[in-house]
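A.B. asks: after the sequence you'll find the predicted model.
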Amino acid sequence: MSAVFELKYTPSEDLIFCGLLEAGRVTPRRWINKYPQKYFLVIGVYWLVIFFFRAIETRLGVNLSSEVGFLLVGLLVGWYGKAALQRVYQRKFARSAAEAGQRELRVTQDVIELRERGAALRLGFVGLDRISSINGGSALIYNSLVVSVPDTALPEQYDGRSFRNTLRNLRLDAVGSSA
């Protein structure tokens with residue numbers, strides 16, 4: 001079994017961080033991220049709820065809109081606070097992962113082998129969820145693993161797009177043969 005790619009590289013903190021951000025983007029489990037207008041959607045729902053409770057207030061003579069408004073503002077602040085905190089932790093993880101040093105990535109017809117700091121992973125194409133373009137490289141996204149590969153580590157005859165297309169074709173061949 002001959003290797004399609006044999007790469008040795010040291011990923012930067014920014015490249016790993018971009019890979020982590022890409023892994024959190026559009027997935028079926030996070031339906032809200034499918035819409036670039038998510039902020040407008042959330043604000044619209046907020047005002048719709050406020051309007052709804054104002055309508056109930058006038059019928060019942062009860063003041064509920066301020067309580068609901070504070071609740072919704074608290075939820076939005078908590079949601080954005082969680083997102084900001086998650087970015088901080090992703091940045092810290094990217095920094096520690098970049099300190100791991102040089103990686104060796106070997107891609108064959110059947111598997112992707114990754115070696116780093118004496119540890120070795122043997123990953124199949126069947127479990128590979130996505131192959132994405134990131135700033136300065138490519139991200140191979142498994143369920144809970146992101147492998148960031150810089151474009152500078154690729155052989156001269158490959159650019160990022162052709163590398164990703166080759167991996168997609170290998171993945172299609174592997175998934176087709178396992179079915």
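C.D. replies: Thanks, I have the structure now.
A.B. asks: who does the closest residue to Ala153 other than its chain neighbours bridge with?
C.D. replies: Leaving aside its sequence neighbours, Ala153 sits nearest to Tyr9 (CB to CB, 6 or more residues apart in numbering; 3.5 Å). All C-beta atoms are positioned from the backbone trio N, CA, C, and that covers glycine. Beta-bridge partners recorded for Tyr9 (DSSP bridges): Arg103.
A.B. asks: and Tyr9, how far from Ser96?
C.D. replies: In this view, Tyr9 and Ser96 are 17 Å apart by CB to CB, to the nearest Å.
A.B. asks: what residue ranges in this protein score low on pLDDT?
C.D. replies: Across the chain, the ranges flagged by pLDDT under 70 are 1-3, 26-39, 60-66, 177-179.
A.B. asks: more crowded one of Tyr9 and Ser96?
C.D. replies: Neighbour tally, Tyr9 and Ser96, criterion other CB atoms under 10 Å: the higher count belongs to Tyr9, 18 against 10.
A.B. asks: quick one: residues contacting that one.
C.D. replies: Shown in contact with Tyr9 (CB atoms under 8 Å, 6 or more residues apart in numbering): Gln102, Arg103, Leu105, Val149, Pro150, Thr152, Ala153.
A.B. asks: need phi/psi at the nearest residue to the third one once chain neighbours are set aside.
C.D. replies: Just to be clear, that refers to Leu105. Leaving aside its sequence neighbours, Leu105 sits nearest to Leu7 (CB to CB, 6+ apart; 4.5 Å). Backbone torsions for Leu7, taken as degrees, to the nearest 10, come to phi -120, psi 140.
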